[in-house]
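In: starting from these lines, generate the structure:
(2 chains)
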There are 2 protein chains.
Amino acid sequence: MGEQIEFDQAHQTLQEISEALENGRFVHVRRQLQDMEPEDIAHLLEASPRKSRDVLWQLTDPEDYGEILDELSEDVKDALVSKMAPETLAEATEGMDTDDVAYVLRSLPDDVSREVLDQMDTAERLRVETALSYPEDTAGGLMNTDVITIRGDVVVDVVLRYLRMKGELPEATDALYVIDEESLLIGHLPLTSLLTAQPDTPVTEVMDDADEAISVITSASDVASLFERRNWVSAPVIDENLHLVGRITIDDVVDVIREDAEHSMMSMAGLDDDEDTFAPVVKSARKRSVWLGVNVLAALAAASVSNMFEATLEQMAAIAVLMTIVPSMGGVAGNQTVALVIRGLALGHIGDANKRELLMKEAAIGLLNGILWALIIGAIVIVWKGEWMLGGIIAAAMLTNLLVAGVAGVTIPILLKKMNIDPALAGGMALTTCTDVIGLSVFLGLATLFI
Amino acid sequence: MGEQIEFDQAHQTLQEISEALENGRFVHVRRQLQDMEPEDIAHLLEASPRKSRDVLWQLTDPEDYGEILDELSEDVKDALVSKMAPETLAEATEGMDTDDVAYVLRSLPDDVSREVLDQMDTAERLRVETALSYPEDTAGGLMNTDVITIRGDVVVDVVLRYLRMKGELPEATDALYVIDEESLLIGHLPLTSLLTAQPDTPVTEVMDDADEAISVITSASDVASLFERRNWVSAPVIDENLHLVGRITIDDVVDVIREDAEHSMMSMAGLDDDEDTFAPVVKSARKRSVWLGVNVLAALAAASVSNMFEATLEQMAAIAVLMTIVPSMGGVAGNQTVALVIRGLALGHIGDANKRELLMKEAAIGLLNGILWALIIGAIVIVWKGEWMLGGIIAAAMLTNLLVAGVAGVTIPILLKKMNIDPALAGGMALTTCTDVIGLSVFLGLATLFI
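Out: Model prediction:
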């Protein structure tokens, strides 16, 4: 039975279905899709090139649309939704979580989204409109409104009978929320406490108090940190009047955690976090070209530095041959520091209290590695080019640049963050420009002076 | 009440405590620490420089040690544990999850870990020894053994009375596991189903079947994908004989998800995932220096290419000034593709079925951006240097290199993965070497031919 087998099967299914699609065996594919769980169909869609994706979507049972859309990443979801008729979409939303319906509606033109809302029943429409009233990347945008509330003045047995009467609880319910007569949140009752309490105990005696409530305006990243640190499975959300407005469950938070963690890697490469692996060529090319444009400026800055030393370069071609080594080493060393600092900032480990400590540490590492690689590269150049002076110059430039890389690697991301610029996005490029310019200036400057 | 306030307070506490430490107000700090939750103390330790960390640890109530160690990242945990006496450690393990105790014992010398085991009570020692018998990065290493099992042939009311008798359930319990007389796992009973079922229903009628079980040898990353895709809160773990041996909870999986996602960013910069922000200087310098050594080879490869064209460089210094632009653009464009492919491979979106499609897409993007930036850079060079031929040459080299970057950006990570080399670790460096060498060769080669 083991899941490893199921896991390998998922990869096999992908291969099988794409072959069946290529051979036009649509009936076979439709039957396969019927046997699959919505979350596996979502994974299949993500892994499919765009053409097959549209065909697969047509072959999927529309009853599963809602649950599948719930699981898709944003870019892929947007592309599929944009091609759906409002009626189909309204039907699909019946199987979806409120927060996901709100997400989908946000991405639609206003008139289409209005049309979809009009086709919902009143209770559902109210829930979705509430969700729409909060910004997407806040607790309000993440929350679901399917909370079960109970009163504090009843006994456990009454709650048990109430739940049996209801017959079904929302997914990932691990606690009931206790409110007073003004629907203020006064506590929450974990299911585990409910199950172990004696039937005649009043709810107020077994519930936990309400200090775990999240404010509706808390940012999604802060919500994720709280869940991660406190090991929560779900948490209640309250508005500014302390009224309970919904709850956030761990499955939505896991998405935020992954996105936040991936954000740094994708941003450092100049990509959107949610860039679809199979996005349309022209759209991708346009997005990425912005980043290349920034790099052109950085590359031209470096070229301008070399340009100032044109006379020196003319005098001795070996200098031109060697001049890329020092900037390259500085860029790599500095980006190690930048990556460490970006992660530290994201996890909240770096602040005013410890940044000087961090600066000293990275400067010391830069100095140590600077000495090591200055000696090695200096020796290599002396052996290779037979020029003592050139070896000394490149060693001095290397030492300087690795020290600069350590210091700049700490200060640039922290400064960018202070200026409200995303350090993951701009940090690497700013650092490389800095180590390129300083590495080239020192190496070519010393060469001009001494050769 | 809102959590935003609590969140800001955490940052303030850090500042306040580090000031109090500097001023030697240890009694004050000890009192502050007593008022803090273990997970907040863990966060404080992570954010503290190493010296303060040791002092803070001394000032912390040893009763909290276990829960704090549970929350710390690996490097920080190792450093603290290595300084603890075996008796203190044995006491601390009482407050810890089995999987975390196993983790800590693994990092200790054999005799110390034996000593700690000897001080535990028999039941706990058996649990820990079981956990130690599985590799760390598998389901067996992640799981806890605190499962509650019930028999399938009883009715719901019996289960309810059993739970009330127990009085407390393990943390993050969302289901009970149903076993038969040979303790084979036959299903699981979510607490939500237990609460909504009629008291006289047999367990077998309300339980879900056992197909969600994870094999004990499943890798931690596969476990994380399963939890993420299926929105699980916990899942049972079975051994090769289908016996229930433990359960995995979402809080342990969240750590794996974050580590897996951070792994790519940290590896791309040549860092360990679990590098402590405040690691000792010499240790960090040594680790990072390996990566700088790899980059020296890459930088020397590029220098050797320029060296072959020394005669051309001697002839015209403007070529030396411009020669860094094409490799730089190729490196940035190629690393965008590499980052996208690494993420796609990690998420399981890229396989044999769609890699050709991806290659065509990235080549097309490379071509489009190649044309755009060839024109722009060509024009800049013509205006700047007043040389038509030089402008044409740099444009041709740019177009070639961006096309190569797109193709290499897809093929290099996929090839590395086939060779069982981590693409996140080696992909960026291999790509940059490739675009440096090809960019320089084409630019300098064309310059040699035509100038």
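In: wait, what's in contact with A:D251?
Out: Contact criterion C-beta atoms under 8 Å, 6 or more residues apart in numbering or on different chains gives A:A172, B:N231 as the residues in contact with A:D251. Where C-beta positions appear, they are placed from N, C-alpha and C, glycine not excepted.
In: quick one, strands of the stretch 201-350 of chain A?
Out: Taking DSSP state E, counting those that start in this stretch as the criterion, the stretch 201-350 of chain A contains strands spanning A:208-209, A:214-215, A:234-238, A:244-249.
In: so what touches the third one?
Out: Strand A:234-238 has contacts (C-beta under 8 Å, 6+ apart) with A:139-140, A:143, A:147, A:172-175, A:177, A:185, A:188, A:210, A:212-216, A:223, A:226-227, A:244-250, B:1-2.
In: one more time with 7 Å
Out: Strand A:234-238 is contacted from outside by A:139-140, A:143, A:172, A:174-175, A:177, A:185, A:188, A:212-216, A:244-250, using C-beta atoms under 7 Å, 6 or more residues apart in numbering or on different chains.
In: mean pLDDT added to the strands of the stretch 201-350 of chain A, as TSV?
Out: Formatted as TSV, the strands of the stretch 201-350 of chain A follow (pLDDT from 0 to 100):
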stretch	mean pLDDT
strand A:208-209	86
strand A:214-215	92
strand A:234-238	91
strand A:244-249	90
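In: right, so of these, which gets closest to B:Q32?
Out: Each of these was checked against B:Q32 via C-beta to C-beta, and the shortest separation belongs to strand A:208-209, namely 22.2 Å.
In: parallel or antiparallel, which strands does that closest one pair with?
Out: According to DSSP bridges, the neighbouring strands of strand A:208-209, each with its direction, are strand A:185-190 (antiparallel).
In: and the next helix or strand after the strand it pairs with, what does it pack onto?
Out: For strand A:185-190, the following helix or strand on the C-terminal side (DSSP states H and E) is helix A:191-196. Applying 3 or more C-beta pairs under 7 Å, 6 or more residues apart in numbering or on different chains; DSSP states H and E, one finds that helix A:191-196 contacts helix B:156-166, helix B:191-196.
In: would you turn the ones you listed into TSV with mean neighbour count and mean pLDDT?
Out: Listed next are those as TSV, based on neighbours: other C-beta atoms under 10 Å in any protein chain shown; pLDDT from 0 to 100:
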stretch	mean neighbour count	mean pLDDT
helix B:156-166	16	93
helix B:191-196	20	93
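In: pipe the strands of the stretch 201-350 of chain A into a markdown table and attach mean neighbour count per row.
Out: Supplementary listing: the strands of the stretch 201-350 of chain A in a markdown table, determined by neighbours: other C-beta atoms under 10 Å in any protein chain shown:
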| stretch | mean neighbour count |
| --- | --- |
| strand A:208-209 | 12 |
| strand A:214-215 | 26 |
| strand A:234-238 | 25 |
| strand A:244-249 | 24 |
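In: mind putting the ones you listed into JSON lines with distance to A:E22?
Out: Compiled in JSON lines, the strands of the stretch 201-350 of chain A are given as follows (distance: least, C-beta to C-beta, whole Å):
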{"stretch": "strand A:208-209", "distance to A:E22": "56"}
{"stretch": "strand A:214-215", "distance to A:E22": "48"}
{"stretch": "strand A:234-238", "distance to A:E22": "44"}
{"stretch": "strand A:244-249", "distance to A:E22": "39"}
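In: right, so of the ones you listed, which gets closest to A:E63?
Out: Taking C-beta to C-beta as the measure, those were each checked against A:E63, and strand A:244-249 came out nearest at 23.1 Å.
In: got a list of what the residue nearest to the spatial centre of chain A touches?
Out: For chain A, the residue lying nearest the average C-alpha position, counting by C-alpha atoms, centre = their mean, turns out to be A:E259 (1.8 Å). Contacts of A:E259 were listed using C-beta under 7 Å, 6+ apart, and they are A:D273.
In: what is the burial count for A:M308?
Out: Burial of A:M308, expressed as a neighbour count using other C-beta atoms under 10 Å in any protein chain shown, amounts to 14.
In: name the nearest residue to it, ignoring sequence neighbours.
Out: In space, and not counting its chain neighbours, A:M308 is closest to A:L444: 7.7 Å by C-beta to C-beta, 6 or more residues apart in numbering or on different chains.
In: how far away is that neighbour from B:G66?
Out: Distance of A:L444 to B:G66, given as C-beta to C-beta, to the nearest Å: 58 Å.
In: more crowded one of these two?
Out: More neighbours sit around A:L444 than around the other of A:L444 and B:G66, counting by other C-beta under 10 Å; the figures are 23 against 20.
In: thought that one was touching A:F309?
Out: Yes: applying C-beta atoms under 7 Å as the test, A:L444 and A:F309 come out as touching, 3.9 Å apart.
In: in the stretch 151-300 of chain A, which residue sits nearest chain B?
Out: Among residues of the stretch 151-300 of chain A, the one nearest chain B by C-beta to the nearest C-beta turns out to be A:S215. It sits 2.8 Å away.
In: who's that residue bridged to?
Out: With DSSP bridges applied, the residues forming beta bridges to A:S215 are A:I238.
In: repeat for the one 4 residues further on
Out: Note on A:S219: beta-bridge partners by DSSP bridges are A:T138.
In: and A:V326, how far is that from A:A397?
Out: Here the distance between A:V326 and A:A397 works out to 5 Å (C-beta to C-beta).
In: mutual contacts of the two, please.
Out: With C-beta under 7 Å, 6+ apart, A:V326 and A:A397 have common neighbours A:G439, A:F443.
In: contacts only, for the closest residue to A:S289 other than its chain neighbours.
Out: Distances taken as C-beta to C-beta, 6+ apart place B:N369 nearest to A:S289, at 5.2 Å, with adjacent residues excluded. By C-beta under 7 Å, 6+ apart, the contact list for B:N369 reads A:A285, A:R288, A:S289, A:L292, B:A333, B:L402.
In: what's the closest of these to A:A317?
Out: Distance ranking of the contacts of B:N369 against A:A317, using C-beta to C-beta, places B:L402 first at 27.3 Å.
In: pretty sure that closest one contacts B:V332?
Out: No: taking C-beta under 7 Å as the contact criterion, B:L402 and B:V332 are not neighbours in contact, 9.6 Å apart.
In: between these two, who's got more neighbours?
Out: Neighbours per residue (other C-beta under 10 Å) separate B:L402 from B:V332, with B:L402 holding more: 29 against 26.
In: give me the pLDDT value at that one.
Out: At B:L402, the predicted lDDT confidence score is 96.
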